[in-house]
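Novice: Here is the input, now give the coordinates:
(chains A and B)
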Protein chains: 2
Amino acid sequence: MFSFIRKPHPAKTAQTAKDRLQILLAHERSSGAAEADYLPMLQRDIVAAIRKHVPIGEQDVEVRIERGDQMSSLEINIELPATVPSKAG
Amino acid sequence: MFSFIRKPHPAKTAQTAKDRLQILLAHERSSGAAEADYLPMLQRDIVAAIRKHVPIGEQDVEVRIERGDQMSSLEINIELPATVPSKAG
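Specialist: Residues are numbered from 1 along each chain as shown, chains lettered A, B, ... in the order given. Below you'll find the model as predicted:
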């Protein structure tokens, strides 16, 4: 389902290498009928869920949404501080 | 980052074809150091976020977590009712 995946970001030099979270979400519609568009809502909720566990700034989050007839996709790329004290249990 | 993706599920026959949500999450750690394991918490929160918008049962959710030194991944496959009235705006 994720045949559209782009090449991963070019590897960064060692000292700027950070931990990264990449989330890919694909909504495949069998009926092809126009349906409720969850992606913007799911994007907001998924980033909020991550923020509960990891301190991330707006500038660390990159989002891409693509919509097609049968498939819509959401890609969220997040750069994390390298060593992160977990906030919540 | 998602080179490990398995072949998508075999296409189902038309009448059982359902809408599907597939979520792939990869946590790439540059330092390779053992760190807080967010995946189980993120899995719970992401499924909860989806449930706010789509009525899904336990049996409709399939989860796979894989852990490596530098990369951990979470795959969530959800079968959706074909036409779903959106619960929340």
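
Novice: Only C-alpha atoms from now on, for both contacts and neighbour counts.
Specialist: Fine.

Novice: What's the mean pLDDT across the one helix or strand A:P40 maps to?
Specialist: According to DSSP states H and E, A:P40 maps onto helix A:39-53. Across helix A:39-53, pLDDT averages out at 89.

Novice: Can you check what angle separates it from helix B:39-51?
Specialist: 150 degrees (axes from the mean of the first three to the mean of the last three C-alpha atoms, to 10 degrees).

Novice: so the residue nearest to A:L24 when sequence neighbours are not counted is in which element?
Specialist: Nearest residue to A:L24 in three dimensions, chain neighbours excluded: A:E75, at 4.6 Å (C-alpha to C-alpha, 6 or more residues apart in numbering or on different chains). Following DSSP H and E, one finds A:E75 within strand A:71-80.

Novice: Run through who's touching that strand.
Specialist: Here strand A:71-80 makes contact (C-alpha atoms under 8 Å, 6 or more residues apart in numbering or on different chains) with A:18-29, A:39, A:43, A:54-56, A:60-67.

Novice: Among these, which lie within helices?
Specialist: Taking DSSP state H as the definition of helices, these contribute A:39, A:43.

Novice: PyMOL command for the buried members of the contacts of strand A:71-80?
Specialist: In PyMOL, a selection of the buried entries from the contacts of strand A:71-80 looks like this (16 or more other C-alpha atoms under 10 Å in any protein chain shown):
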select buried, chain A and resi 18+19+20+21+22+23+24+25+26+27+28+29+39+43+54+56
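
Novice: just for chain A, where's the confidence low?
Specialist: A:1-17, A:31-36, A:82-89 (pLDDT under 70).

Novice: Kindly recompute the last result at 50.
Specialist: For chain A, the stretches with pLDDT under 50 are A:4-8, A:11-15, A:84-86, A:88-89.

Novice: Give the closest residue to A:I65 in space, chain neighbours not counted.
Specialist: A:L74 (4.5 Å).

Novice: Against B:R29, how distant is the one you found?
Specialist: 22 Å (C-alpha to C-alpha, to the nearest Å).

Novice: shouldn't A:H53 be in contact with B:L39?
Specialist: No: taking contacts as C-alpha atoms under 8 Å, A:H53 lies outside contact range of B:L39: 10.1 Å.

Novice: rewinding a little: and the residue nearest to A:L24, bridged to which residues?
Specialist: A:L24, A:R64 (DSSP bridges).

Novice: what about it, how many residues close to it?
Specialist: A:E75: 21 surrounding residues under other C-alpha atoms under 10 Å in any protein chain shown.

Novice: same thing with A:I50?
Specialist: For A:I50, the neighbour count with other C-alpha under 10 Å is 19.

Novice: so what's it up against?
Specialist: B:L42.

Novice: hmm, back to that, using PDB, list the CA coordinates for the helix holding A:P40.
Specialist: What follows is helix A:39-53, C-alpha atoms only, in PDB (Å, rounded to 0.1, in the frame of the first residue of the first chain):
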ATOM      1  CA  LEU A  39      -6.600  12.700   7.700                       C
ATOM      2  CA  PRO A  40      -6.500  16.300   9.000                       C
ATOM      3  CA  MET A  41      -8.100  15.200  12.200                       C
ATOM      4  CA  LEU A  42      -5.900  12.100  12.600                       C
ATOM      5  CA  GLN A  43      -2.900  14.300  11.900                       C
ATOM      6  CA  ARG A  44      -3.800  16.600  14.700                       C
ATOM      7  CA  ASP A  45      -4.500  13.800  17.100                       C
ATOM      8  CA  ILE A  46      -1.500  11.700  16.300                       C
ATOM      9  CA  VAL A  47       0.900  14.700  16.800                       C
ATOM     10  CA  ALA A  48      -0.900  15.400  20.000                       C
ATOM     11  CA  ALA A  49      -0.500  11.800  21.100                       C
ATOM     12  CA  ILE A  50       3.300  12.000  20.400                       C
ATOM     13  CA  ARG A  51       3.600  15.300  22.300                       C
ATOM     14  CA  LYS A  52       2.300  13.500  25.400                       C
ATOM     15  CA  HIS A  53       5.500  11.400  25.400                       C
END
